[in-house]
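In: Fold the stuff below for me.
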Amino acid sequence: MIEKNAKIYVAGHRGLVGSAIVRSLKEKGYTNIIGRTHHELDLTNQAEVFRFFEEEKPEYVVLAAAHVGGINANQTYPADFIYINSIIQCNVIKAAHDQHVKKLLFLGSSCIYPKMAPQPIPEDALLTGPLETTNEAYAIAKISGMEMCKFFKRQYGDDFISCMPTNLYGPNDNFNLETSHVMPAMIRKFDDAKKANAPFVELWGTGSPLREFLYVDDMADACVYLLENYSGEQHVNIGTGKEITIKGLAELVKKVVGFEGEIKWNSDMPDGTPRKLCDVSKLHSIGWKEKVDLEEGIRREYEWYLAQDEKDLKK
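Out: The predicted structure is shown next:
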């Protein structure tokens, strides 16, 4: 049982994932949540991280900070993805161990499973086959972080757990087309085209890959639930167990945005992994299930997008 006034450090508290976890913690009555911006604390700087943990002494840690991006960013900057993510998680996990943190939750990503993993993907599929080449550097870093948690638990008895969220979307998403994931990229492209009265929107690939999407506030609710109720060595998938083709997603986003033109698919561009659906039976057995369906979630994200200042969204 976590006391409501326990000091909880959320690393990456202003990002898509971290901000949702902070919202969820506050909604559940937790009152002592701390976070630091990159300007205040550079998580790639070991001395800064160790000093922060020594001074603040957080009792619980959620490691949601990560260097993330879509296919284009992962292919263009693989060295950045493996280095930045590896050093962040090494610094935070070791500092948490040294300062006797009561519990740490590390967030992986379902894109780090083998490219041809069985579908739906069970937790034990990790490290059983080759990775998707378009995000291999990111995947290797995140797998390393999850394994670190497992081995610190095994060697030292640290209560360090990991979860594997599926594709996420929602408030505070990244809408920069050079680095964004598929959902916010589609929302921005369709909205831009709608405003410009463009005759069509061009999207990458064939539209045939299948994807699972989870509204970020549902993911955050699951993370807090695991913090409160789970201490196993194996990571836990967080998802809906439902999938849609990228083509189907595009039609849904087009409908929500209200764009009336065509969709053109550029099949010269990569599709990425053909299918990626999480087996969420373990999470369901622990007692958690999602609440927000896909169309409602897209509507919420689009409303949030429209409420933001354009210059901030497109940095």
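In: How about the contacts made by the residue lying closest to residue 129 once chain neighbours are set aside?
Out: With Cβ to Cβ, 6 or more residues apart in numbering as the measure, residue 114 is the residue that lies nearest to residue 129, at 3.3 Å, once sequence neighbours are left out. To be clear about C-beta, it is placed using only N, CA and C from the backbone, and glycine gets the same treatment. With contacts defined as Cβ atoms under 8 Å, 6 or more residues apart in numbering, the neighbours of residue 114 are 125-131.
In: Let me know the secondary structure of residue 114.
Out: Following DSSP: H, G, I helix; E, B strand; the rest coil, residue 114 is assigned to coil.
In: That one and residue 122: what is the separation?
Out: Residue 114 is 12 Å from residue 122, where distance means Cβ to Cβ, to the nearest Å.
In: Apply the buried test to the contacts of residue 114 and list what passes.
Out: 125-126, 131 (16 or more other Cβ atoms under 10 Å).
In: that older thread, so which of the contacts of residue 114 are in helices?
Out: The members of the contacts of residue 114 all map outside helices under DSSP state H.
In: now, which of the residues you listed sits nearest residue 7?
Out: Checking those against residue 7 with Cβ to Cβ, the nearest one is residue 126 at 31.2 Å.
In: all strands of the stretch 51-200 of the chain, in order?
Out: Assignment of strands within the stretch 51-200 of the chain using DSSP state E, counting those that start in this stretch yields the ranges 60-63, 103-107, 160-165, 167-169, 200-204.
In: Now render the ones you listed as CSV, adding distance to residue 222 and mean neighbour count.
Out: Formatted as CSV, the strands of the stretch 51-200 of the chain follow (distance: least, Cβ to Cβ, whole Å; neighbours: other Cβ atoms under 10 Å):
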stretch, distance to residue 222, mean neighbour count
strand 60-63, 12, 25
strand 103-107, 11, 25
strand 160-165, 7, 24
strand 167-169, 11, 23
strand 200-204, 29, 17
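In: Let's have these in a markdown table, adding mean pLDDT.
Out: Listed next are the strands of the stretch 51-200 of the chain as a markdown table, based on pLDDT from 0 to 100:
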| stretch | mean pLDDT |
| --- | --- |
| strand 60-63 | 98 |
| strand 103-107 | 98 |
| strand 160-165 | 98 |
| strand 167-169 | 93 |
| strand 200-204 | 96 |
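In: and residue 292, which of those strands is closest to it?
Out: With Cβ to Cβ, the closest approach to residue 292 among those belongs to strand 167-169: 10.3 Å.
In: For that closest one, enumerate the helices and strands it packs against.
Out: Packing partners of strand 167-169 (3 or more Cβ pairs under 8 Å, 6 or more residues apart in numbering; DSSP states H and E): helix 16-27, helix 182-196, strand 213-215, helix 216-229, helix 294-307.
In: which of these sits most buried?
Out: Highest mean neighbour count among these (mean count of other Cβ atoms under 10 Å): strand 213-215, with a mean of 24.
In: May I see the strands of the stretch 51-200 of the chain arranged in JSON lines, with distance to residue 237 as well?
Out: As requested, those are exported to JSON lines (distance: least, Cβ to Cβ, whole Å):
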{"stretch": "strand 60-63", "distance to residue 237": "17"}
{"stretch": "strand 103-107", "distance to residue 237": "12"}
{"stretch": "strand 160-165", "distance to residue 237": "5"}
{"stretch": "strand 167-169", "distance to residue 237": "12"}
{"stretch": "strand 200-204", "distance to residue 237": "26"}
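In: Which among the ones you listed is found nearest to residue 281?
Out: With Cβ to Cβ as the measure, strand 160-165 is the member of the strands of the stretch 51-200 of the chain nearest residue 281 (13.4 Å).
In: what are the pairing partners of the closest one, and which direction each?
Out: Strand 160-165 has its sheet partners listed here by DSSP bridges as strand 103-107 (parallel), strand 236-238 (parallel).
In: Next, the angle from the longest one to helix 16-27.
Out: Going back to what we said before, that points to strand 103-107. Interaxial angle of strand 103-107 relative to helix 16-27 (axes from the mean of the first three to the mean of the last three Cα atoms, to 10 degrees): 140 degrees.
In: Look up how far residue 208 lies from residue 71.
Out: 15 Å.
In: For those two, indicate the residue with more neighbours.
Out: With neighbours defined as other Cβ atoms under 10 Å, residue 71 and residue 208 compare such that residue 71 has more, 20 against 13.
In: Show the contacting residues for the more buried one.
Out: Per Cβ under 8 Å, 6+ apart, neighbours of residue 71: 134-135, 204, 270, 272.
In: can we see that at 10 Å?
Out: Residue 71 makes contact with 111, 132, 134-135, 181-182, 204-205, 269-273 under the criterion Cβ atoms under 10 Å, 6 or more residues apart in numbering.
In: go on, residue 115?
Out: 129-136, 139, 272-276.
In: What subset of these is buried?
Out: Neighbour counting with 16+ other Cβ under 10 Å marks 131-132, 134-136, 139, 272-273, 275-276 as buried within the contacts of residue 115.
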